[in-house]
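just coords:
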């Protein structure tokens, strides 16, 4: 059987049973489910939670399943220490899709007048959200020029029985595809995939060159071709082993009021005019599970950060072979800050690495480049490198008016008077001068002594 959401749940139950919980009592979709998670966050706990009964729906809901690097590493059969490099390697070996005639996602079909989004347990997440939102849907669209399918994760406000909002970052590939169809005066076919293996969900966030290829990357991550079937009302291939697929069309040139909504910077994206989807079909498994992401909270950041880190590591290493690791820390929402470590061979390499970072992910605002003796997953070490190896007049690069994260509340337009799509980007070169220049070495005990000492053989209680 192919890997899917259910095989992932089985892995968690088997290997990390302390990281998943079940709630059998009925829970209100407006704030109650996310309030439970908020109380757990207060205890610094981020377990996956399976809700049997969301009021108003017969479909169970899974949330927070992607809120742990440990669980995401487990899904790929890797450790937390190796998962970024493992992601980068698998991403570079995509597999072609495997089209099949039928699949579990076709067990239930709601077409035409039978379409009713109210059957789904769609949550209202945060206090000032404009209403219920789909937060974990992988949106599939097809480039009209190449025929390649593109996948991405966006926010979709419930706007009616058969209508969903479609708010896209202007810099993301799906937006370029929608603009192409709009210029032709044609609607855009869309399929929203809800519930699959984390490899499929996160592949949609990977940063690839050109439009499309994410579904093939999902196959590379899974190490097996992704099985797909034809859509019922759209000219798209959808995952055969998904839980739920919502099909529809985006009318060209039309928009509707959308937002506000709690976003990855842990604040609200403003109300705006956005595209929308006219839903034409819903297909699902008989016992479907509705997947949700806890938007504006750590799950949102973590599930978006890991695939970006893998993509960034691969792309930056292509430019600077001495690159050792990449981290998108939670202090920057898993988007705004990027830490890069490298074995520096020549002065100027840190800037080349930073340029590769910015060209790969527009959401990144600041890049910190450090030497390979710094652990980029230890923020104290990164800041120590800034304190001891960085001088602003020499090592800081300021670049205003760059394409950035339109959801970041500091983003500006060309007038600098309104919120827009541009940001000022910074490069912090916190590396030592390249050899043969001398620089004071870092204090440490001899490696050979540290390796042979086991503290447990020395320590005993002090009575």
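On my side now, so go ahead. Everything numeric here is computed off the predicted structure, so don't read it as measured data.

quick one: buried residues of the biggest strand by length in the chain?
In the chain, with assignment by DSSP state E, the single longest strand is strand 272-284. Under the neighbour-count criterion of 16 or more other Cβ atoms under 10 Å, strand 272-284 has 274-284 buried. For glycine as for every other residue, the C-beta is placed from the backbone atoms N, C-alpha and C.

and which of those residues is nearest residue 109?
residue 283 (5.1 Å; Cβ to Cβ).

what residues are bridge-paired with that closest one?
Bridge pairing for residue 283 (DSSP bridges) gives the partners residue 109, residue 245.

local confidence estimate at it?
With respect to pLDDT, residue 283 scores 98.

please name the residues that touch it.
Going by Cβ atoms under 8 Å, 6 or more residues apart in numbering, residue 283 touches 105-110, 232, 244-245, 247.

could you redo the last one with a cut-off of 7 Å?
105-106, 108-109, 232, 245 (Cβ atoms under 7 Å, 6 or more residues apart in numbering).

contacting residues for the residue most central in space within the chain?
Centroid-nearest residue in the chain, with Cα atoms, centre = their mean: residue 304, separated by 1.9 Å. Taking Cβ under 7 Å, 6+ apart, we find residue 304 in contact with 205, 264, 334-335.

from those residues, pick the one nearest residue 93.
Of those, the one sitting nearest to residue 93 (Cβ to Cβ) turns out to be residue 205, at 18.1 Å.

list only buried entries from the contacts of residue 283.
Buried among the contacts of residue 283 (16+ other Cβ under 10 Å): 105-106, 232, 245.

farthest pair within those residues?
Among the buried ones among the contacts of residue 283, 105 and 232 lie farthest apart (Cβ to Cβ), at 10.3 Å.

mean confidence score for the helix or strand hosting the residue nearest to the centre of the chain?
Using DSSP states H and E, the element containing residue 304 is helix 298-319. For helix 298-319, mean pLDDT rounds to 91.

can you give the contact residues for stretch 206-220?
Here stretch 206-220 has contacts from 90-91, 93-97, 143, 146, 148-151, 173, 176-177, 199-200, 203-204, 225-226, 307-308, 310-312, 360-361, using Cβ under 7 Å, 6+ apart.

can you rerun that using 8 Å?
90-98, 140, 143, 146, 148-152, 173, 176-177, 197, 199-200, 203-204, 225-226, 228, 237, 239, 307-308, 310-312, 315, 360-361.

now swap in stretch 122-135 and tell me
Under Cβ under 8 Å, 6+ apart, the answer for stretch 122-135 is 29-31, 33-34, 54, 61, 63, 155-158, 164, 192, 194, 246, 258-262, 268, 271, 290, 292-296, 300.

so how do I select the buried members of the residues you listed in PyMOL?
To isolate the buried members of the contacts of stretch 122-135 in PyMOL, using 16+ other Cβ under 10 Å:
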select buried, resi 29+30+31+33+34+54+61+63+155+156+157+158+164+192+194+246+258+259+261+262+268+290+292+293+294+295+296+300
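
inside helices: which ones of the contacts of stretch 122-135?
Judged by DSSP state H, helices contain the following of the contacts of stretch 122-135: 33-34, 300.

kindly indicate which of those residues lies nearest residue 456.
So of these, ranked by how close each gets to residue 456 (Cβ to Cβ), first place is residue 300, at 39.3 Å.

please determine how far that closest one is located from residue 287.
For residue 300, the distance to residue 287 equals 27 Å [Cβ to Cβ, to the nearest Å].

can you check residue 301 too?
Distance from residue 301 to residue 287, by Cβ to Cβ: 31 Å.

higher neighbour count, those two?
residue 301 (21 against 12; other Cβ atoms under 10 Å).

SS state for residue 175?
Secondary structure for residue 175, judged by DSSP: H, G, I helix; E, B strand; the rest coil, is helix.

quick check: it touching residue 169?
Yes: assessed by Cβ atoms under 8 Å, residue 175 is found in contact with residue 169 at 6.8 Å.

ok, now which ones touch residue 11?
Counting by Cβ under 8 Å, 6+ apart, the residues that residue 11 touches are 74-75.

okay, and it sits in which element?
helix 5-15.

between the buried residues of strand 272-284, which is closest to residue 73?
Looking across the buried residues of strand 272-284 and measuring by Cβ to Cβ, the closest to residue 73 is residue 284, at 29.0 Å.

so that closest one makes contact with residue 243?
Yes: counting by Cβ under 8 Å, residue 284 touches residue 243, with 6.4 Å between them.

quick check: neighbours shared by those two?
residue 105.

of the buried ones among the contacts of residue 283, which belong to strands?
Using DSSP E, the buried ones among the contacts of residue 283 in strands are residue 245.

so which of the buried ones among the contacts of residue 283 comes closest to residue 460?
Using Cβ to Cβ, these come closest to residue 460 at residue 105, 59.3 Å.

wait, the closest one touches residue 229, no?
Yes: with contacts counted by Cβ under 8 Å, residue 105 reaches residue 229, the gap being 7.0 Å.

overlap in contacts of those two?
Counting by Cβ under 8 Å, 6+ apart, the residues touching both residue 105 and residue 229 are 238, 240.

just the pLDDT for the residue lying closest to residue 237 once chain neighbours are set aside.
Nearest residue to residue 237, sequence neighbours excluded (Cβ to Cβ, 6 or more residues apart in numbering): residue 228, at 4.0 Å. With respect to pLDDT, residue 228 scores 98.

who's residue 228 bridged to?
With DSSP bridges as the rule, residue 228 is bridged to residue 99, residue 239.

many thanks, I have nothing further to ask.
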